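> Quick one, what's the 3D model for this:
(chains A and B)
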Amino acid sequence: GQNIDQPTEMTATEGAIVQINCTYQTSGFNGLFWYQQHAGEAPTFLSYNVLDGLEEKGRFSSFLSRSKGYSYLLLKELQMKDSASYLCAVRGEGSNDYKLSFGAGTTVTVRA
Amino acid sequence: DTEVTQTPKHLVMGMTNKKSLKCEQHMGHRAMYWYKQKAKKPPELMFVYSYEKLSINESVPSRFSPECPNSSLLNLHLHALQPEDSALYLCASSSSPGQTTEAFFGQGTRLTVV
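Next comes the predicted model:
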């Protein structure tokens, strides 16, 4: 089965940095994704990690440690438009290679 | 074109109605998905089609019936739904297995069952 945990809510100030942690215990692992979802809209892809280490994409970075079952998404220079839900998702392997299992999401509120 | 297009955007249906949700992508993706998302909850996988064949059914009730007419289209046929089926239904697509690419999501159909 899949167990993916992330904090429910986080609040930060415009211009600051926020780190969203995700821990997972899954029966198979073939990559971890981070998605951003604004209220009432579809999830949009932010980052993908399959090997240990840090992936950087502009203001967003994602880190993975497979041995610890741990990832984080780092949002820098926060902007008001970054207020959204951030979903951690793990991709299965083998017969579950297509399957993306999502965490409950972390709602980030950016304050002026 | 990195779009997944879903129609309709909103749907209100009675419990005795039959309706269909449609999804289309032209990215050459061979995997297509239906997810259900309730308010403030993560998307829950319902079905996966791989190369136009149903590969995963997450024990979804038979009142939801998926169909993949070709590699670009995915339908979800709805019949005799319950009010608790009201949710955002998301379609997604991705490349073949073994390729490390993300799933692209459509904007969703907001379904209300009355």
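> Tally up the residues packed near residue 38, please.
Looking at chain A here, since you left the chain open. Look at A:His38: counted by other Cβ atoms under 10 Å in any protein chain shown, it has 13 neighbours. C-beta coordinates here come from the backbone N, C-alpha and C atoms, glycine included.
> switch to chain B, that's the one I care about
13.
> ok, now A:Gly92?
A:Gly92: 19 neighbours (other Cβ under 10 Å).
> what's near enough to touch it?
Residues near A:Gly92 by Cβ atoms under 8 Å, 6 or more residues apart in numbering or on different chains: A:2, A:26-30, A:98-99, A:101.
> Export the residues you listed to JSON lines and append columns for distance to A:Asp52.
As requested, these are arranged in JSON lines below (distance: Cβ to Cβ, whole Å):
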{"residue": "A:Gln2", "distance to A:Asp52": "20"}
{"residue": "A:Thr26", "distance to A:Asp52": "16"}
{"residue": "A:Ser27", "distance to A:Asp52": "20"}
{"residue": "A:Gly28", "distance to A:Asp52": "17"}
{"residue": "A:Phe29", "distance to A:Asp52": "12"}
{"residue": "A:Asn30", "distance to A:Asp52": "14"}
{"residue": "A:Tyr98", "distance to A:Asp52": "24"}
{"residue": "A:Lys99", "distance to A:Asp52": "22"}
{"residue": "A:Ser101", "distance to A:Asp52": "20"}
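> Out of those residues, which sit inside helices?
Secondary structure defined by DSSP state H assigns none of the contacts of A:Gly92 to helices.
> Closest to chain B out of these?
Of all the contacts of A:Gly92, A:Tyr98 has the smallest distance to chain B: 4.7 Å, by Cβ to the nearest Cβ.
> circling back: any idea which of the contacts of A:Gly92 the model trusts least?
Minimum pLDDT across these is recorded for A:Tyr98, with 71.
> how near is the nearest residue to it once chain neighbours are set aside to A:Lys57?
Excluding the flanking residues, the one nearest A:Tyr98 by Cβ to Cβ, 6 or more residues apart in numbering or on different chains is B:Val48, at 4.7 Å. Look at B:Val48 and A:Lys57: by Cβ to Cβ, to the nearest Å, they are 27 Å apart.
> before we move on, what about B:Ser95?
From B:Ser95 to A:Lys57 the distance is 19 Å (Cβ to Cβ).
> do B:His10 as well
When B:His10 is compared with A:Lys57 (using Cβ to Cβ), they lie 33 Å apart.
> what does chain A put close to chain B?
A:31, A:33, A:35, A:40-45, A:48, A:50, A:87, A:96-105 (Cβ under 8 Å from any Cβ of the partner chain).
> The residues you listed, buried ones only, as a ChimeraX selection?
Selection command for ChimeraX covering only the buried members of the residues of chain A next to chain B, criterion 16 or more other Cβ atoms under 10 Å in any protein chain shown:
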select /A:31,33,35,42,43,45,48,87,96,97,98,99,100,101,102,103,104,105
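> mind listing which of the residues of chain A next to chain B are in strands?
Among those, the members falling in strands (DSSP state E) are A:33, A:35, A:44-45, A:48, A:87, A:100-102.
> from these, which has minimum pLDDT?
Out of these, that is A:Leu100, at 84.
> Now for that residue: which residues touch it?
Contacts of A:Leu100 by Cβ under 8 Å, 6+ apart are A:33, A:89-91, B:33, B:45, B:103.
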